[in-house]
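[1] Build me a structure from this.
(4 chains)
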Number of protein chains: 2
Amino acid sequence: MVSRKSPATLPKPRRGVAAAALGMLAGCPFHDVRMKLCAAGLRPTRQRIALGWLLFAKGDRHLTAENLQEEAQASRVSISLATIYNSLNQFTQAGLLREIAIDGSRTYFDTNISDHHHFLVEGTNVLIDIPRVAVDYDGLPQPPAGKSIAGVDVIIRLRNNPSA
Amino acid sequence: MVSRKSPATLPKPRRGVAAAALGMLAGCPFHDVRMKLCAAGLRPTRQRIALGWLLFAKGDRHLTAENLQEEAQASRVSISLATIYNSLNQFTQAGLLREIAIDGSRTYFDTNISDHHHFLVEGTNVLIDIPRVAVDYDGLPQPPAGKSIAGVDVIIRLRNNPSA
DNA sequence: TTAGATGCAAATGGTTTGCATGCGT
DNA sequence: ACGCATGCAAACCATTTGCATCTAA
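    Below is the predicted model:
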């Protein structure tokens, strides 16, 4: 279920100052997370730090709330599902995560917030990142008057090839 | 969201000569719908004909199950929500409709089954068709080995333009 | 006659919320 | 100490399902 690619995309700073600071602390994940949270205006509580660590210390990931709770338990950290959801939503609002709705029944949170899209393998519910550069948008249509594009969600559904 | 992903029992498609025979009855919208249903292997029951008529007689539409039920009531046809869902899923499975999941909380059914994508106006939940020709896919990435592309879902989220 | 369709109500299940308690500053 | 954060359980709610009853063929 989890897909990872690039080793560890470490700091993804949002502001210049934070960027510099994060760069200097690049060796200490705990501090990275604390700063990430602070930069986002989120109080660095025990739970948020734990979740942030699980989320951001292992490269790009696609997780559901339940996935994340299981990981937390595996790390001997007990966090209520409600708090997991709250935190994930807060992280998303803060721009630390990206939400990916699948089939209207599952919601994944993507730690890769760069501009990219996804393959979805039918049946397995596995998401695979597609680098933005791999999709050619020459013909992106004009938005209607008075509106601007807030985001583009692309999901390419894959089926297992019957023959090949 | 919910447990919204298990196809309702699909009756065995009973395609073939029957459709041709029904061709002689063409002429009025009711018959069109009947034929559509027959061609799809769906028995043309009172409810399915009513829904088919509501869905297909007014051009391209984006409807939720509840939308459709309201329209049915407005036409003095009472159909249970369960049957609406079942029918919509059956129509979708038969290729008469296309499902569009939004935000993981709403599911729209699109009567336009041609290859196209959608604008989504944030806040209003209004969907706007984007002709396929308006999006250039030259750069569609290679699917991983052993998989083929089953479909491409593109939703371009729009926000109201604050200034210009 | 009979397989398949419908309606109702109950079940589902991911997600959210209300409220009392806990913890970071 | 103050106020946001957390946990628990109950609430939510779109969607699905079980089952008894109809209906098209």
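
[2] Contact partners for A:Lys147?
    Counting by CB atoms under 8 Å, 6 or more residues apart in numbering or on different chains, A:Lys147 touches B:Phe119, B:Val121, B:Leu158, B:Arg159, B:Asn160, B:Asn161. No exception for glycine: its C-beta is placed from N, CA and C like everyone else's.

[3] Neighbour-wise, which one of these leads?
    Using other CB atoms under 10 Å in any protein chain shown as the neighbour test, these are led by B:Leu158, with 22 neighbours.

[4] Let me know the distance separating A:Asp115 from B:Leu68.
    Using CB to CB, to the nearest Å, A:Asp115 is found at 36 Å from B:Leu68.

[5] which one of those two has more residues nearby?
    B:Leu68 (22 against 12).

[6] Touching, the more buried one and B:Thr83? I think so.
    No - contact between B:Leu68 and B:Thr83 fails when scored by CB atoms under 8 Å: they sit 10.5 Å apart.

[7] now the longest strand anywhere in chain A against strand B:147-160, angle please.
    Under DSSP state E, the strand in chain A containing the largest number of residues is strand A:147-160. Calculated by axes from the mean of the first three to the mean of the last three CA atoms, to 10 degrees, strand A:147-160 forms an angle of 160 degrees with strand B:147-160.

[8] What pairs with strand A:147-160, parallel or antiparallel?
    According to DSSP bridges, strand A:147-160 forms sheet pairs with strand A:116-121 (parallel), strand B:147-160 (antiparallel).

[9] Can I get those in CSV including distance to A:Gly95 and mean pLDDT?
    Converted to CSV, the strands paired with strand A:147-160 look like this (distance: least, CB to CB, whole Å; pLDDT from 0 to 100):
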stretch, distance to A:Gly95, mean pLDDT
strand A:116-121, 15, 92
strand B:147-160, 15, 90
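
[10] Output those strands in TSV, with distance to A:Ala57 appended to each entry.
    Below are these laid out as TSV (distance: least, CB to CB, whole Å):
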stretch	distance to A:Ala57
strand A:116-121	20
strand B:147-160	30
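
[11] Tell me which of these lies nearest to A:Ala145.
    strand B:147-160 (10.7 Å; CB to CB).

[12] Dump the closest one to CSV, restricted to CA.
    Extracted C-alpha coordinates of strand B:147-160, given in CSV (Å, rounded to 0.1, in the frame of the first residue of the first chain):
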residue,chain,number,x,y,z
LYS,B,147,-0.5,-3.0,-16.4
SER,B,148,-2.6,-1.1,-18.8
ILE,B,149,-4.5,2.1,-18.5
ALA,B,150,-8.2,1.5,-17.6
GLY,B,151,-9.1,5.1,-17.4
VAL,B,152,-7.9,8.6,-16.7
ASP,B,153,-9.8,10.8,-14.2
VAL,B,154,-9.0,14.5,-14.3
ILE,B,155,-10.6,17.0,-12.0
ILE,B,156,-9.5,20.6,-12.2
ARG,B,157,-10.5,22.5,-9.1
LEU,B,158,-11.5,26.1,-9.6
ARG,B,159,-11.7,28.9,-7.1
ASN,B,160,-13.5,32.1,-7.6
